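Peer 1: Next input, structure requested:
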Amino acid sequence: MSVKARVFVLVAAVAIVTCACASGDVGCSVGGGPSFSREMLNGPQLTKEQFADTDIGKVVTFFFQEGGGAVEGGFFRDVQGFSIASKSLVLAYDDMAPSTFITVEHGRVTSWGSCQPTMLSGNLTASRWHPAEDWNRDSTAIPIEVEGGACVTGTRTRVITRIVDVDVIESADRVDVIVWTKERQPLLGCAGVGVDIDSEITLASPLGDRALYNAGLVPHVRVDK
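Peer 2: Numbers count the residues shown, from 1 in each chain. Presented below is the predicted three-dimensional model:
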């Protein structure tokens, strides 16, 4: 388990009138993987029964009903549908959103885990973020804290998450923001820790009564509550 640390890194954010999330894939984690096509966000391709009739579905169904995943894979009973994202990746859906990913290699399930869909754009990932404690709804500048990672070697802490761009989409009743980040290669032998990276959102007009959303997550998450 990583230890949460706080690292102060001020990054200037610029409001952009177009949203980069209009293209690219989706990842199941902040790190970007495993990734899949945006089309998979439209809902499951197959019902549970239809999935069980496919070759990969037979492997997955047996594993979670009778095989090694029967004890820990209780979620499988409540799954409402599946999409076969690739020859080795299956997405399981709770309602209309993928909630679990399952990896199948060489005819067996090799891994599975929670899927929290996050937008990708090339080698950039939409990171989670939240307003800082000292923010003002009547200001056009909102300080935020972006979730990232760092490497600790001895007494040195090196932030490996870099904020590359920020998309700000404003309307009369809401503001959608995507913070795009890129991960540097971690140092060998370092201890990974979570960090908060200080940044700032610049608005064309004060937020006021409008809702503020992290639009890089699917579904979008309101962050001003």
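Peer 1: Show me the domain layout of this structure.
Peer 2: Segmentation of the chain into domains, based on automatic domain parsing, reads 20-24+122-222, 26-119.
Peer 1: what would those domains look like in TSV with mean neighbour count and mean pLDDT?
Peer 2: No exception for glycine: its C-beta is placed from N, CA and C like everyone else's. Shown next, in TSV, are these (neighbours: other C-beta atoms under 10 Å; pLDDT from 0 to 100):
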stretch	mean neighbour count	mean pLDDT
domain 20-24+122-222	17	89
domain 26-119	17	92
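Peer 1: Okay, the most centrally placed residue in the chain and residue 189: tell me how far apart.
Peer 2: In the chain, the C-alpha closest to the average C-alpha coordinate belongs to residue 118, at a distance of 3.0 Å (C-alpha atoms, centre = their mean). Separation of residue 118 from residue 189 (C-beta to C-beta, to the nearest Å) stands at 28 Å.
Peer 1: Would you tell me which helix is longest in the protein?
Peer 2: helix 55-65 (DSSP state H).
Peer 1: outside of it, which residues touch it?
Peer 2: Helix 55-65 is contacted from outside by 46, 50-52, 69-70, 73, 76, 82, 84, 87, 90, 102, 104, 107-109, using C-beta atoms under 8 Å, 6 or more residues apart in numbering.
Peer 1: now with 10 Å?
Peer 2: 46, 48-54, 67-77, 79, 82, 84, 86-90, 92, 102, 104, 106-109, 112 (C-beta atoms under 10 Å, 6 or more residues apart in numbering).
Peer 1: Which of these fall within helices?
Peer 2: Per DSSP H, the subset of the contacts of helix 55-65 in helices is 48-52.
Peer 1: May I see the residues you listed organised as JSON lines, with distance to residue 202 added?
Peer 2: As requested, the ones in helices among the contacts of helix 55-65 are exported to JSON lines (distance: C-beta to C-beta, whole Å):
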{"residue": "48", "distance to residue 202": "47"}
{"residue": "49", "distance to residue 202": "51"}
{"residue": "50", "distance to residue 202": "48"}
{"residue": "51", "distance to residue 202": "46"}
{"residue": "52", "distance to residue 202": "51"}
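Peer 1: Can you tell me which of those residues comes closest to residue 163?
Peer 2: Nearest to residue 163 among the ones in helices among the contacts of helix 55-65 is residue 51, at 39.0 Å by C-beta to C-beta.
Peer 1: Roughly how far does the closest one sit from residue 83?
Peer 2: Residue 51 is 9 Å from residue 83, by C-beta to C-beta.
Peer 1: Also residue 157?
Peer 2: 40 Å.
Peer 1: Same question for residue 225.
Peer 2: 31 Å.
Peer 1: Contacts only, for residue 50.
Peer 2: Counting by C-beta under 10 Å, 6+ apart, residue 50 has contacts 44, 57, 81-82.
Peer 1: CSV for these, including distance to residue 139?
Peer 2: Output for those, formatted as CSV (distance: C-beta to C-beta, whole Å):
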residue, distance to residue 139
44, 43
57, 52
81, 44
82, 46
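Peer 1: Closest to residue 37 out of the ones in helices among the contacts of helix 55-65?
Peer 2: Residue 37 lies nearest to residue 51 out of the ones in helices among the contacts of helix 55-65, by C-beta to C-beta, at 17.6 Å.
Peer 1: Pull the contacting residues for the closest one.
Peer 2: 44-45, 57-58, 60-61, 79, 81-84, 90, 92.
Peer 1: Please identify which of those is nearest to residue 166.
Peer 2: residue 83 (30.5 Å).
Peer 1: Surely the closest one and residue 39 touch.
Peer 2: Yes. Shown here, residue 83 and residue 39 form a contact pair, counting by C-beta atoms under 10 Å, at 8.5 Å.
Peer 1: Thanks again, I'm all set now.
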